[in-house]
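>>> model the structure of this input:
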Amino acid sequence: MTRAFTGWHMTAILVSFFGVVIAVNLTMATLATSTFGGVQVQNSYVASQHFNTWLEQAEEQDALGWDATTERLEDGRLRVTVSGPGPAAELVASARHPVGRHPDQQMAFDRAADGSFVSREALPAERWILRLQITDGADVWRREERL
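Numbering: from 1, shown residues only. Predicted coordinates:
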């Protein structure tokens, strides 16, 4: 014998459905706001005024034809092999954790015998966003990459 479908059954189905939807939304919103620090500019209007200047700088940088490859050594230090700049070029970098769990790290590099750059300090074996800047005289080349 089957029981009749009543209004109470429909109410229970609707309350259960929307209860699950609301619980999932609250959970996802809580996780989103508590785990991602985000990257933003102080004033988006002022940043938009510099956009064309940044495009011109990017075109000048592309015209240099420089490139760099980064590898992590066994001891945690980084080796950056560059092509294009002269022997007097200098490299500086900063490493930023993508979720912000670790403070930013400024990295200094020494020139190796083969012409590559090797960092003085080790970088923990996690995900990092590395910002490279190579300077050779008046020429400046920048890149951001993920490790």
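>>> quick one: the residue lying closest to Pro87 once chain neighbours are set aside from Arg79, how far?
With sequence-adjacent residues excluded and distances taken as C-beta to C-beta, 6 or more residues apart in numbering, Pro87 is closest to Gly115, at 7.4 Å. For the C-beta atoms, the positions are set from N, CA and C on the backbone; glycine is no exception. Separation of Gly115 from Arg79 (C-beta to C-beta, to the nearest Å): 11 Å.
>>> flag the shaky bits of the protein, pLDDT-wise.
1, 36-40, 100 (pLDDT under 70).
>>> what sits against Arg101?
If a contact means C-beta atoms under 8 Å, 6 or more residues apart in numbering, then Arg101 has no contacts.
>>> just the strands in this protein please.
Taking DSSP state E to define them, one finds strands in the chain at 67-72, 78-83, 90-96, 105-111, 117-119, 129-136, 139-146.
>>> thinking again about what came up before, quick one: the residue nearest to Pro87 and Asp136, what's the gap?
13 Å.
>>> which of those two has more neighbours?
Asp136 (18 against 11; other C-beta atoms under 10 Å).
>>> quick one, what contacts that one?
So Asp136 contacts 85-86, 88-90 (C-beta under 8 Å, 6+ apart).
>>> so it bridges to which residues?
Asp139 (DSSP bridges).
>>> circling back to that earlier point, what's the PyMOL syntax to select whichever of the contacts of Asp136 are buried?
One line in PyMOL is enough to select the buried members of the contacts of Asp136, burial here meaning 16 or more other C-beta atoms under 10 Å:
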select buried, resi 85+89
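>>> any chance of CSV for the contacts of Asp136, columns distance to Arg120?
Converted to CSV, the contacts of Asp136 look like this (distance: C-beta to C-beta, whole Å):
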residue, distance to Arg120
Pro85, 20
Gly86, 22
Ala88, 19
Ala89, 17
Glu90, 13
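>>> that'll do, ta.
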